[in-house]
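**Student:** need a structure here:
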Amino acid sequence: MNLQDFNTPQEIIACKNPIKSNWIVAVDIGFSSVKGMSPNKRFCFPSYVKKMDNNLMSVDEDDIYYRDESGVYLIGTKAQDLVRTDDTNDTDSSFDRNRYYTKEFAIMARTAVAIGLMDNEERKFEPQFKPAVHKRCADEFRQDFRQHI
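**Tutor:** A predicted model of the protein is given here:
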C-alpha cells in the first residue's frame, strides 16, 4: 500500500461563487489541510510548511512558496513530499493544540488569504470589491496577530 495515495490533494479550482459588495475569503486551517473559498475559486493544500535551507533546485508552477525576512518556505504538497524519516520533529508546532501563534500557522493563513485574492479566468479582484473582516473580530484579530508574529 502506498501511503502517498492518501495524502491531501493540492488543488485550486476556478469557479464563480456569489458576490455582492465584499470579496470574502473563507479559510479553514485544519490539521491535515488548509481549505478555502473566494468569489472565483475553491482551494485546498496540505497543512505543511518547510523552511528552505538552500537554493531551489527546480520550480514547478504548482509549487507554493512563501517569502519573508526570515527566509523562503515551501508549502503544501511539495513540502510534504520532502519529509524524511529524520524530520519527525519538523511538524511539532503545526500539529500542536496551541499552534495558532506559531510562525507556520501564520504562513498557512497568509498563503490561504493570498490564494483567495488572486485573479483567475473566472473573475478578477477589482477595487470595488473591498476585503472585509467581521467587525466584531477585526480589532481582536489584528491585535492578537501582531502580538504573536
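**Student:** what's residue 38 sitting at in phi/psi?
**Tutor:** The phi/psi pair for residue 38 (degrees, to the nearest 10) reads phi -140, psi 180.
**Student:** Could you tell me the per-residue confidence at it?
**Tutor:** As predicted, residue 38 sits at a pLDDT of 92.
**Student:** For burial, what's the neighbour tally of it?
**Tutor:** As a burial measure, residue 38 scores 26 neighbours (other CB atoms under 10 Å). The way it works is simple: take the backbone N, C-alpha and C, and place the C-beta from them, glycine included.
**Student:** does the spatially closest residue to it that is not a sequence neighbour sit in a helix or strand, and which one?
**Tutor:** Nearest non-adjacent residue to residue 38, counting by CB to CB, 6 or more residues apart in numbering: residue 116, 3.8 Å away. Using DSSP states H and E, residue 116 sits within helix 103-117.
**Student:** Distance from that helix to the middle of the chain?
**Tutor:** 4 Å (CA atoms, centre = their mean, to the nearest Å).
**Student:** Low-confidence stretches in this protein?
**Tutor:** Residue ranges of the chain with pLDDT under 70: 3-4, 55-58, 84-97, 127-149.
**Student:** now do 80
**Tutor:** 1-7, 21, 54-59, 82-99, 125-149 (pLDDT under 80).
**Student:** Please enumerate the strands of it.
**Tutor:** Assigned by DSSP state E, the strands in the chain fall at 11-14, 26-29, 33-38, 41-46, 49-51, 64-68, 71-75.
**Student:** Which one, of the ones you listed, ends up nearest to residue 102?
**Tutor:** Counting by CB to CB, residue 102 lies closest to strand 49-51 out of the strands of the chain; the figure is 9.3 Å.
**Student:** Let me see the residues that make contact with the closest one.
**Tutor:** 66, 71-75, 79, 82-83, 90, 94, 104, 107-108 (CB atoms under 8 Å, 6 or more residues apart in numbering).
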